[in-house]
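Asks: what would the 3D arrangement of this be:
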Amino acid sequence: MELFKNILLLGTGPTTLQLGLNFKKALNSKVGIAGRPSIRSEKFFSSLVKHGHLVEVSIQNRKHEKMQGHFIVDDVFFKYEEVIGTWDTLVLAVTTDAYLDVLKALPKNILQGVQRVILISPTLGSNYLVHHYVKQFNPQVEVMSFSTYYGDTRWLSSEPSNQVLTTAIKKKIYIGSTQFPSDAVEKLVNLYKDLGLTFEIMKTPIEAETRNISLYVHPPLFMNEFSLRYIFKEEKHQKYVYKIYPEGPITPLLMKNMLNQWKEIMKVLSQLNVKQMNLLKFMTEDNYPVRRESLSLKDIENFNELKSIHQQYLLYVRYASLLVDPFSEPDEKGRYFDFSAVPIQMVFMNKEKEMDIPRMPKEDYYRLKMIQSIARYVESDCPTIDRFLTAYEDKVKAFSEANKEVKLSSAFSNLAFEEDIQMIYEELDKSVV
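Replies: This is a model prediction of the structure:
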């Protein structure tokens, strides 16, 4: 059987276009794109139609040359409900909290004919959720989880169009599937190897889902009083995600909370018989490295065995070492690139004229909510995670109460995700012995 012959990409963000190019160039797949009606997607679809379904992908770094190119999208669907045809592979390139809504919107015959589903940027438990839903229509379906999207891709201009720019590529991505071993996974690994990416195969999807750095750093960085006050407009002076207090949220206490949250997640994973990970090593080897003068290899390798206060110190040193990009070229005044100056975003008016919550922490709330639910299932305490979630919920509710005259997005009311959690529980019932 030919693998990846007909691929339907679900989502209309920049990531979709880079993924489509890779499949089209490497495998000569038939590629379709489907989305949902919105002001943002309307601009994308209009540009795509105007240019005869032509997609153009540019790169910022010459070493990523294999990631650039152009292709013609074979089929375009302006609504998920309007999808027709036979698609052997669905690629979910939407935010994690939208997986279930997107799948529900698709015609049932599409799900009945699909052979595999790929989750590009899932959270812990996403594979359980998607597998539970899709196998109702196709019991043999294979669901794969990437640890995260393998690049940083954005619109070439400020508005959605048929042109995107990929500015960075990650060193390593992890992948796990409901089938092990898997011919489809092997084919993907070889495809991306040819593009210069390293894919490491994990034995289970949840192992791949644990290798997303956002799980470990975003909640402590965004779900604290300092950041939340700024996000919900209680503080007017610009704040920055990765800067040390008072310009940003990073303090020794935040490092303690980051460490404790990591330990709580590791405790949950041990209950699921999932391999543990070294947080500091993951940060420095799979994400952003620092110079050995700042963190020694011995400290990184032995991180899991150190006392908590020593671990907190090393995490603080790691963030302090990344206030500037330690590997950038200094300017004529000896100044290095201001690596940590990533602005925290405030609540904003979206394209639908609704007050909305930025993706960080909106999507991170969903991720953490799923982890909390799995912790409850395995009866593992997670007081740090509970505090993060409560802090976020309190700010959302307070903002809603204070802005009753403003039209608010669903992010202000949809905080339970009960259906998602129930589906994950039903899958855990079958997989946890």
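Asks: the residue lying closest to P249 once chain neighbours are set aside: what secondary structure?
Replies: Take P249 and drop its neighbours on the chain: the residue closest to it by CB to CB, 6 or more residues apart in numbering is F226, 4.4 Å away. For the C-beta atoms, the positions are set from N, CA and C on the backbone; glycine is no exception. Using DSSP: H, G, I helix; E, B strand; the rest coil, the structure places F226 in helix.
Asks: so F226 makes contact with Y240?
Replies: No: F226 is beyond contact range of Y240, at 11.1 Å (criterion: CB atoms under 8 Å).
Asks: that older thread, any idea how many residues pack against the residue nearest to P249?
Replies: F226 has 19 neighbouring residues, counting by other CB atoms under 10 Å.
Asks: try R291
Replies: 9.
Asks: how much space between it and E329?
Replies: 14 Å (CB to CB, to the nearest Å).
Asks: now I173. Its backbone dihedrals?
Replies: The phi and psi values for I173, taken as degrees, to the nearest 10, are phi -130, psi 140.
Asks: so the residue most central in space within the chain versus L19, what's the distance?
Replies: Nearest to the mean C-alpha position of the chain, by CA atoms, centre = their mean, lies S121 at 4.0 Å. Distance of S121 to L19, given as CB to CB: 11 Å.
Asks: so the residue nearest to the centre of the chain sits in a strand?
Replies: No: in this structure, S121 is coil, not part of a strand, as judged by three-state DSSP.
Asks: that one touches N212, doesn't it?
Replies: Yes: contact criterion CB under 8 Å: S121 and N212 qualify, at 7.5 Å.
Asks: thinking again about what came up before, any common contacting residues for S121 and L19?
Replies: Applying CB atoms under 8 Å, 6 or more residues apart in numbering, one finds that S121 and L19 are jointly contacted by A93.
Asks: residue ranges with poor pLDDT in this protein?
Replies: For the chain, the stretches with pLDDT under 70 are 1, 432-433.
Asks: buried sites along stretch 322-335?
Replies: L322, L323, P326 (16 or more other CB atoms under 10 Å).
Asks: just these now: which is nearest S431?
Replies: L322 (37.6 Å; CB to CB).
Asks: now do the SS call for the closest residue to the closest one other than its chain neighbours.
Replies: Distances taken as CB to CB, 6+ apart place F339 nearest to L322, at 5.5 Å, with adjacent residues excluded. Here F339 takes the coil state, with states given by three-state DSSP.
Asks: F339 against S321, yeah?
Replies: No: in this structure, F339 is not within contact of S321 by CB under 8 Å, at 9.7 Å.
Asks: and of the buried residues of stretch 322-335, the nearest to T390?
Replies: Nearest member of the buried residues of stretch 322-335 to T390, counting by CB to CB, is L322, at 29.0 Å.
Asks: confirm the closest one sits in a helix?
Replies: No: read with three-state DSSP, L322 is coil and lies in no helix.
Asks: ok, it - contacts?
Replies: Y242, Y288, V290, F339, S340.
Asks: so the last one versus A320, what's the distance?
Replies: This points to S340. To A320, S340 is 9 Å away according to CB to CB.
Asks: comparing those two, which shows the higher neighbour count?
Replies: S340 (19 against 13).
Asks: surely the more buried one and S321 touch.
Replies: No: with contact defined as CB under 8 Å, S340 does not count as touching S321 (10.2 Å).
Asks: what sits in contact with each of S121 and N212?
Replies: With CB under 8 Å, 6+ apart, S121 and N212 have common neighbours T148.
Asks: now do the phi/psi pair for S58.
Replies: phi -110, psi 160.
Asks: the closest residue to it other than its chain neighbours: which element?
Replies: In this structure, S58 finds its nearest non-sequential neighbour in L165, 4.8 Å apart by CB to CB, 6+ apart. In this assignment (DSSP states H and E), L165 forms part of strand 163-169.
Asks: and stretch 18-28, how far out from the chain's middle?
Replies: Taking CA atoms, centre = their mean, to the nearest Å, one finds stretch 18-28 lying 21 Å from the centre of the chain it belongs to.
Asks: span of stretch 25-43 from start to end?
Replies: Distance across stretch 25-43, first residue to last, is 25 Å (CA to CA, to the nearest Å).
Asks: can you pull the buried residues of it?
Replies: 25-27, 29-36, 40-41, 43.
Asks: narrow those residues to those in strands?
Replies: Secondary structure assignment by DSSP state E places K30, V31, G32, I33, A34 of the buried residues of stretch 25-43 in strands.
Asks: the last one reaches I84, doesn't it?
Replies: Same thing as A34. No: in this structure A34 lies outside contact range of I84 using CB under 8 Å: 10.2 Å.
Asks: all strands of the stretch 51-200 of the chain, in order?
Replies: Along the stretch 51-200 of the chain, counting by DSSP state E, counting those that start in this stretch, strands occupy 54-59, 69-72, 75-77, 89-92, 116-119, 142-146, 151-155, 163-169, 172-177, 198-201.
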